[in-house]
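1. Need the 3D shape of this:
(2 chains)
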2 protein chains.
Amino acid sequence: VSDSLRDIGEFGLIQRLVGRFAGAPGVIVGPGDDCAVISLGHHYALATADMLVEGRHFDLRWSDPVDVGFKALSCNVSDVAAMGGKPLFALVSLGAPADTSVTLLEQLYSGIAEAAVEFGVAIIGGDTVASDVLTISVALLGEPTEDGPVLRSAAMPGDALCVTGELGAAAAAVKLLRAGEQDQRALELLARVPTLADAHRRGRARVREGIAAAHAVAHAMIDISDGLLQDVGHICDASGVGVAIDSTAIPVAAGVADAAELLGVSNPALDGGDDYELAIAIDAALVEALRGAMHPTPLSMIGVFTQEPGMRIDGAPVSAVGWDHFKDSP
Amino acid sequence: VSDSLRDIGEFGLIQRLVGRFAGAPGVIVGPGDDCAVISLGHHYALATADMLVEGRHFDLRWSDPVDVGFKALSCNVSDVAAMGGKPLFALVSLGAPADTSVTLLEQLYSGIAEAAVEFGVAIIGGDTVASDVLTISVALLGEPTEDGPVLRSAAMPGDALCVTGELGAAAAAVKLLRAGEQDQRALELLARVPTLADAHRRGRARVREGIAAAHAVAHAMIDISDGLLQDVGHICDASGVGVAIDSTAIPVAAGVADAAELLGVSNPALDGGDDYELAIAIDAALVEALRGAMHPTPLSMIGVFTQEPGMRIDGAPVSAVGWDHFKDSP
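-> Here you go, the predicted structure:
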């Protein structure tokens, strides 16, 4: 009996497939980090790609096409930010049904263009093809600063675990929007805390903050778009360390705890995904300096990396749960 | 009333969208050629992307997943070849239904890996997501040789129009496979001329030949994956020239004329698409030298570029017909 994708999940698939592509000239960091690091003419470049599918990553019932376009580029920019790099060039491929209105596509591209301007990215090409499902596939090239790329794999025991911004709002908003089809209270909460839906609509990659972290010699960094626990788990796995998190220090965005209580779900700030914030491992003595460099973006120290493997919150072991494209899909 | 993609077609869409992305620092050649040419750290790089969708670009009823994977990379490599460049690094994003068998995906990746080895490409990352439609999106980076990239836009009146290889086999094979569901004679022709189906299954990008053309100072080059007439039309439009083609000089692959006659369709060597051959504009005095450099790959001189705009075959005007993803899709 053959396994299906649902059985092994996204990360199972990646593990089975990535091995065959390891090690090649010019590849400094291959698959498995936020970006690949490659050598092009004695110069390092960063490369990453993300594919967004209607009904999986966005829903045009709730999202304006301009926002979807913005996010399609921004989520790639976030991967470059998580290496402490600067985004430069993007290829945008689009699959769309033949009866898609051109107006919708122009709005989508307006959002992409808006993000391109905001993050200083040039759109250099791509592809447009027919597909039954609206699909946006972006590949982004960037470059590390002179401080070099920050990988996932060099967190050290004793390092502080810090996160930028506030967490959980985007994932809470999606859950509330879905629940709102049945439950008026969910819509009321969204109306009362507009920052929830804002976080879902846009998602601003932390480029300036990532560069500041690289300059402050952060040991490891990741964007937490798959959820705080899962992504910090990736740092732990790649670095061979554990982490002890203090739940009271987690910067939960306004309305997120209310949403979790209303819906009877776990806290989206821990496992929600869709947060384009950075989790950073850095020498604890340097946290204050980094906080100053990032101002006015908040930087919260939420835990300490440990020699002992595994993740703990307030002393209790937790697993690295978060979004899995194949296991969690509707 | 809003236009749909079907109304304006792929090239109409590209025209409407590309304008907003023109001109940015570091972008030597933006959207509209086979590859973008970018400047990364005082070094030129080539970048291109293609998206393949099941039921549009490939059909697993007729194609082995290994072949589909091979072609997904090869068609991108062909775009780098058409700039006279060398392919280097690829990002591969995959959208697949959650019930897709892992065996099928491993076969797909085996084909990608096989092409990667053949063309010297390192797979450096990508994305895997859930989608209702199997979708493969590849972004490829390469570099021009010291001879520089060969664009579409510098063909000169008097230049020879040359093509590599033999044309029409892949498109003829697809038409025969489709017809074969009703018509036994189509399957018999495929069995009698196995090179037809071979051309459809694989499609070998002409990297060595593209580099030879760049070294021979070709003025313009394109890969003819959208069909000879359409792609030569792109050279004419971009260069501001016309072309006079001699139909008897077109290297039509074995079985293609028989297929066109059997099926009652126009000659796939002219408008079929899916040929990963190169069309080259080069000083007529240099054709012999280029032919020698390309040996044993055939190089056929099939026409002459003209000051007078428009395309002619044996003196009769023709339009640049070929594949359009939105107008031609099933």
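2. okay but residue A:137 is in contact with residue A:76, surely?
-> No - Residue A:137 is beyond contact range of residue A:76, at 10.0 Å (criterion: C-beta atoms under 8 Å). Just so you know, the C-beta spots here come from the backbone N, C-alpha and C atoms, and that holds for glycine as well.
3. Dihedrals phi and psi, residue A:163?
-> phi -130, psi 150 (degrees, to the nearest 10).
4. quick one: contacts for residue A:305?
-> A:155-161, A:235-236, A:239, A:241-243, A:281 (C-beta atoms under 8 Å, 6 or more residues apart in numbering or on different chains).
5. now residue A:311
-> Contacts of residue A:311 (C-beta under 8 Å, 6+ apart): A:229, A:232-233, A:236, A:242-243, A:245, A:317-320.
6. cutoff 6 Å now
-> Neighbour list for residue A:311: A:243, A:318 [criterion: C-beta atoms under 6 Å, 6 or more residues apart in numbering or on different chains].
7. quick one: buried residues of stretch A:150-166?
-> A:150-155, A:159-166 (16 or more other C-beta atoms under 10 Å in any protein chain shown).
8. Can you give me the pLDDT of the residue nearest to the spatial centre of chain A?
-> Compute the mean C-alpha point of chain A, and by C-alpha atoms, centre = their mean the closest residue is residue A:225, 2.4 Å away. Predicted confidence (pLDDT) at residue A:225: the value is 91.
9. Would you verify that it is located in a helix?
-> No - according to DSSP: H, G, I helix; E, B strand; the rest coil, residue A:225 belongs to no helix; its state is coil.
10. right, and out of the contacts of residue A:305, which lies closest to residue B:258?
-> residue A:235 (61.2 Å; C-beta to C-beta).
11. From chain B, how far out is residue A:169?
-> Residue A:169 is 22 Å from chain B, where distance means C-beta to the nearest C-beta, to the nearest Å.
12. which residues touch that residue?
-> Residue A:169 is in contact with A:196, A:199, A:253, A:256, counting by C-beta under 6 Å, 6+ apart.
13. can you put those in CSV and add distance to residue A:48 and neighbour count?
-> Listed next are these as CSV, based on distance: C-beta to C-beta, whole Å; neighbours: other C-beta atoms under 10 Å in any protein chain shown:
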residue, distance to residue A:48, neighbour count
A:196, 27, 29
A:199, 22, 28
A:253, 25, 24
A:256, 27, 27
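14. Widest-spaced pair of these?
-> Spatially, the most separated pair among the contacts of residue A:169 is A:199 and A:256, at 9.4 Å (C-beta to C-beta).
15. Find the nearest non-adjacent residue to residue A:214, please.
-> Residue nearest to residue A:214 in three dimensions, not counting chain neighbours: residue A:84, with 2.7 Å by C-beta to C-beta, 6 or more residues apart in numbering or on different chains.
16. Could you export the buried residues of stretch A:150-166 as JSON lines, including secondary structure, distance to chain B and pLDDT?
-> Listed next are the buried residues of stretch A:150-166 as JSON lines, based on DSSP: H, G, I helix; E, B strand; the rest coil; distance: C-beta to the nearest C-beta, whole Å; pLDDT from 0 to 100:
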{"residue": "A:150", "secondary structure": "coil", "distance to chain B": "16", "pLDDT": "96"}
{"residue": "A:151", "secondary structure": "coil", "distance to chain B": "13", "pLDDT": "95"}
{"residue": "A:152", "secondary structure": "coil", "distance to chain B": "13", "pLDDT": "94"}
{"residue": "A:153", "secondary structure": "coil", "distance to chain B": "15", "pLDDT": "92"}
{"residue": "A:154", "secondary structure": "coil", "distance to chain B": "19", "pLDDT": "95"}
{"residue": "A:155", "secondary structure": "coil", "distance to chain B": "21", "pLDDT": "97"}
{"residue": "A:159", "secondary structure": "coil", "distance to chain B": "26", "pLDDT": "98"}
{"residue": "A:160", "secondary structure": "strand", "distance to chain B": "28", "pLDDT": "98"}
{"residue": "A:161", "secondary structure": "strand", "distance to chain B": "25", "pLDDT": "98"}
{"residue": "A:162", "secondary structure": "strand", "distance to chain B": "26", "pLDDT": "98"}
{"residue": "A:163", "secondary structure": "strand", "distance to chain B": "23", "pLDDT": "98"}
{"residue": "A:164", "secondary structure": "strand", "distance to chain B": "23", "pLDDT": "98"}
{"residue": "A:165", "secondary structure": "coil", "distance to chain B": "23", "pLDDT": "97"}
{"residue": "A:166", "secondary structure": "coil", "distance to chain B": "26", "pLDDT": "96"}
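17. want to throw those residues into TSV with distance to residue B:221?
-> Listed next are the buried residues of stretch A:150-166 as TSV, based on distance: C-beta to C-beta, whole Å:
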residue	distance to residue B:221
A:150	40
A:151	39
A:152	41
A:153	42
A:154	45
A:155	48
A:159	52
A:160	54
A:161	52
A:162	51
A:163	50
A:164	47
A:165	48
A:166	52
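18. all strands for chain A, in order.
-> Ranges of strands within chain A are A:27-29, A:36-39, A:44-53, A:85-96, A:122-130, A:135-144, A:160-164, A:220-223, A:242-245, A:278-282, A:299-306, A:310-313, A:316-318, based on DSSP state E.
19. rank these by pLDDT, which is bottom?
-> strand A:27-29 (a mean of 88).
20. quick one on the thing from earlier: between residue A:137 and residue A:76, tell me which one has more neighbours.
-> More neighbours surround residue A:137 than the other of residue A:137 and residue A:76, with 34 against 31 (other C-beta atoms under 10 Å in any protein chain shown).
21. what sits against that one?
-> Contacts of residue A:137 (C-beta under 6 Å, 6+ apart): A:51, A:93, B:51, B:93, B:137.
22. Kindly report the same for residue A:274.
-> Each residue near residue A:274 by C-beta under 6 Å, 6+ apart is listed here: A:170-171.
23. Show the model's pLDDT score for it.
-> 87.
24. and if you look at residue A:11?
-> For residue A:11, pLDDT reads 65.
25. In helices only, show me the contacts of residue A:169.
-> A:196, A:199, A:256 (DSSP state H).
26. roughly how far apart are the last one and residue A:274?
-> As defined by C-beta to C-beta, to the nearest Å, residue A:256 lies at a distance of 12 Å from residue A:274.
27. ditto for the first one
-> Shown here: residue A:196 relative to residue A:274, a distance of 12 Å by C-beta to C-beta.
28. per-residue pLDDT, residue A:15?
-> For residue A:15, pLDDT reads 65.
29. should've said residue A:100
-> So, for residue A:100, pLDDT stands at 91.
30. That one contacts residue B:5, doesn't it?
-> Yes - counting by C-beta atoms under 6 Å, residue B:5 is a contact partner of residue A:100 at 5.0 Å.
31. The two - which one has more neighbours?
-> Set residue A:100 next to residue B:5 and count neighbours by other C-beta under 10 Å: residue B:5 wins out with 26 against 22.
32. OK, contacts around residue A:212?
-> The contact partners of residue A:212, taken as C-beta under 6 Å, 6+ apart, are A:293-294.
33. Please report the number of neighbouring residues for the residue nearest to residue A:214.
-> Neighbours around residue A:84, by other C-beta under 10 Å: 29.
34. can you check residue A:60 too?
-> Residue A:60: 14 surrounding residues under other C-beta under 10 Å.
35. which residue packs closest to it, ignoring adjacent ones?
-> Using C-beta to C-beta, 6+ apart and skipping residues adjacent in sequence, the residue nearest residue A:60 is residue A:54, 6.6 Å away.
36. Residue B:52 versus that neighbour, what's the distance?
-> Remark: distance between residue A:54 and residue B:52 (C-beta to C-beta) = 18 Å.
37. Equivalent analysis for residue A:110, please.
-> Per C-beta to C-beta, residue A:110 is found 27 Å from residue B:52.
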